[in-house]
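1. just a sequence and a predicted model for now, questions to come.
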Amino acid sequence: MSLEQQLNERLQTLEPSYLEIVNESSGHGGYFPGKESHFKVVIVSECFAGLRLVQRHQKVYAAVGELLGAGNIHALAIHAFIADEWKNQDTSSPECAHAPKTS
């Protein structure tokens with residue numbers, strides 16, 4: 001099972017009403033086809049109600065567990081919302097300074 005599939009499976013435990021997982025590995029240095037190292041997660045769940053941003057991230061990290069670390073996911077951008085907050089949010093990612101150069 002791919003890292004993306006495992007990430008999806010684990011984040012389902014947070015009962016999201018919306019979940020988007022984007023493999024952003026191709027925009028980072030050392031990329032090769034099939035590499036899974038950098039992901040962005042946009043997750044909307046009522047389990048985040050009343051939690052500060054850091055607490056929301058801690059919930060995501062707890063769900064993801066050992067998928068983060070050496071040989072697995074190197075970077076995880078987290079955008080965690082409750083339904084009322086999610087509207088019109090910019091979840092775009094900045095370019096990586098070490099991104100492969102295109103000519």
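-> Done, it's in.

2. where does Ala70 land in three-state SS?
-> coil (DSSP: H, G, I helix; E, B strand; the rest coil).

3. pull the number of nearby residues for it.
-> 6 (other C-beta atoms under 10 Å). Where C-beta positions appear, they are placed from N, C-alpha and C, glycine not excepted.

4. just read off the phi/psi values of it.
-> phi -50, psi 130 (degrees, to the nearest 10).

5. repeat for Leu19
-> Here is the backbone geometry of Leu19 (degrees, to the nearest 10): phi -140, psi 120.

6. show me where this protein has helices.
-> 3-11, 53-64, 83-86 (DSSP state H).

7. turn those into a markdown table, including mean pLDDT.
-> Output for these, formatted as a markdown table (pLDDT from 0 to 100):
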| stretch | mean pLDDT |
| --- | --- |
| helix 3-11 | 94 |
| helix 53-64 | 97 |
| helix 83-86 | 90 |
